[in-house]
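*Asks:* coords please:
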Amino acid sequence: MSEAARGVVSLAPSILAADFARLGDQMAAVELAGFADRIHVDIMDGQFVPPISFGTLICPALRSATRLDLDVHLMIVRPDRYFAELAEVGVRTVSVHLEACPHVHRDLGEIRRLGMRAGLALNPGTPVDHASEVLDLVDQIVVMTVNPGWGGQPFLEGSVRRVAAARALADAAEHPIDIEVDGGITVRTAPAVVAAGANVLVAGSAVFNHPGGIAAGLRALEEAAQALR
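*Replies:* Below you'll find the predicted structure:
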């Protein structure tokens, strides 16, 4: 039975919205708050998406700063160049974009061969059922609920239908698959995506820019995610 079916929702704070000058302290605050079980790391290359965020060297720094799992989202071309490096520093999950990987079957298989969980990310314009051909190699489907590249974007309302489609696809698989939603997740949007079947919520601004601080932001998201349970 999937975590979503059991009513378990994981929070994945995205460091894209963190204060990089205080990143270690903010990771400690996330961990101390107790609501999150992973840190979401958006790596962008300025090619697949326009912005450049940070490179893979952020991962060993994060690994030394937190015991939480690292959930790395590669918004880059040729992500296969970095799989071994990420495995070596103890990354738990690596997600690649279907749109960026002409050999996505091989890429997902290599992520798993290296001992990591394999995620497949889908842009808003990509049909969810495109994941069906590689479902046996996927541990996580990342439904992009904004167009990838920038934090702080508003949630695309048509995404709830896509989350439900991804959950139906995952539930038909022979192994557990997480449905992660990424983009515009707030206390307003969280209940709808959880009701549709999402069980991992990526949130940046709602956590790191919350007026009450990181713990308050996480607590508010946790309460919103559980509102319909």
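
*Asks:* mind listing the strands in this structure by residue range?
*Replies:* With DSSP state E, the ranges of strands along the chain come out as 10-13, 38-44, 69-75, 93-97, 117-122, 140-144, 178-182, 200-203.

*Asks:* what packs against the first one?
*Replies:* The one in question is strand 10-13. Contacts defined by 3 or more CB pairs under 8 Å, 6 or more residues apart in numbering; DSSP states H and E place strand 10-13 against strand 38-44, strand 200-203, helix 205-208, helix 214-225. Using the backbone N, CA and C atoms, a C-beta is placed for each residue, glycine as well.

*Asks:* My read is that residue 9 contacts residue 225, right?
*Replies:* Yes. With contact defined as CB atoms under 8 Å, residue 9 reaches residue 225; the gap is 4.4 Å.

*Asks:* Please convert the helices and strands packed on strand 10-13 to CSV, extending it with distance to residue 148.
*Replies:* Shown next, in CSV, are those (distance: least, CB to CB, whole Å):
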stretch, distance to residue 148
strand 38-44, 8
strand 200-203, 11
helix 205-208, 15
helix 214-225, 21
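
*Asks:* quick one on the thing from earlier: in terms of neighbours, single out the busier of residue 9 and residue 225.
*Replies:* residue 225 (26 against 21; other CB atoms under 10 Å).

*Asks:* quick one, what contacts the nearest residue to residue 174 once chain neighbours are set aside?
*Replies:* Using CB to CB, 6 or more residues apart in numbering and skipping the chain neighbours, the partner closest in space to residue 174 is residue 136 (7.4 Å). When contacts are counted by CB atoms under 8 Å, 6 or more residues apart in numbering, residue 136 touches 173-175.

*Asks:* Please identify which of the residues you listed is nearest to residue 55.
*Replies:* Minimum distance to residue 55 across these is 31.6 Å, recorded for residue 175 (CB to CB).

*Asks:* give the contact list for the closest one.
*Replies:* 136, 139 are the contacts of residue 175 under CB under 8 Å, 6+ apart.
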